[in-house]
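Enquirer: need a structure here:
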Amino acid sequence: MRHTYLASLLMALVTTFSLSAGAVPASPPVTVLAPVSVTAAQAIDKLDLNTADATTLQRELNGVGKSKSEAIVAYREANGNFATVDELLEVKGIGKSILERNRDKVTVNN
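Expert: The predicted model follows:
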């Protein structure tokens, strides 16, 4: 009987250890981030036509050299802030081709 008791106890210990060894570890906590508006995220990287200086415009925009960047600033100073990106077409030397090449890079914040 003593042998049966020890065998049962040993079997219980083995079963307990094997169950705990095969247990699935706890998952790490999941962090949920708030959704970011695509428009807001894109606007962060865009150049504001109403605040950029001529040097920045020249450096960041394709097809815009010193004279065109100065013309953009001069137009803004003479006419007030740009209401839309399309208003760039009113600036001497800025055509549809230059506007379309740079449309993704610029914004107007009023």
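
Enquirer: any idea how far residue 97 is from residue 55?
Expert: 23 Å (CB to CB, to the nearest Å). The way it works is simple: take the backbone N, C-alpha and C, and place the C-beta from them, glycine included.

Enquirer: tally of neighbours for residue 64?
Expert: By other CB atoms under 10 Å, the residues close to residue 64 number 23.

Enquirer: Going along the chain, name the strands of the chain.
Expert: According to DSSP state E, the chain carries its strands in the segments 47-48, 106-107.

Enquirer: so which of the ones you listed comes closest to residue 71?
Expert: Smallest distance to residue 71 across those (CB to CB): 14.8 Å, for strand 106-107.

Enquirer: Residue 103 - nearest residue in space that isn't next to it in sequence?
Expert: residue 85 (6.2 Å; CB to CB, 6 or more residues apart in numbering).

Enquirer: and that neighbour, what does it touch?
Expert: Residues near residue 85 by CB atoms under 8 Å, 6 or more residues apart in numbering: 49, 99, 103, 106-108.
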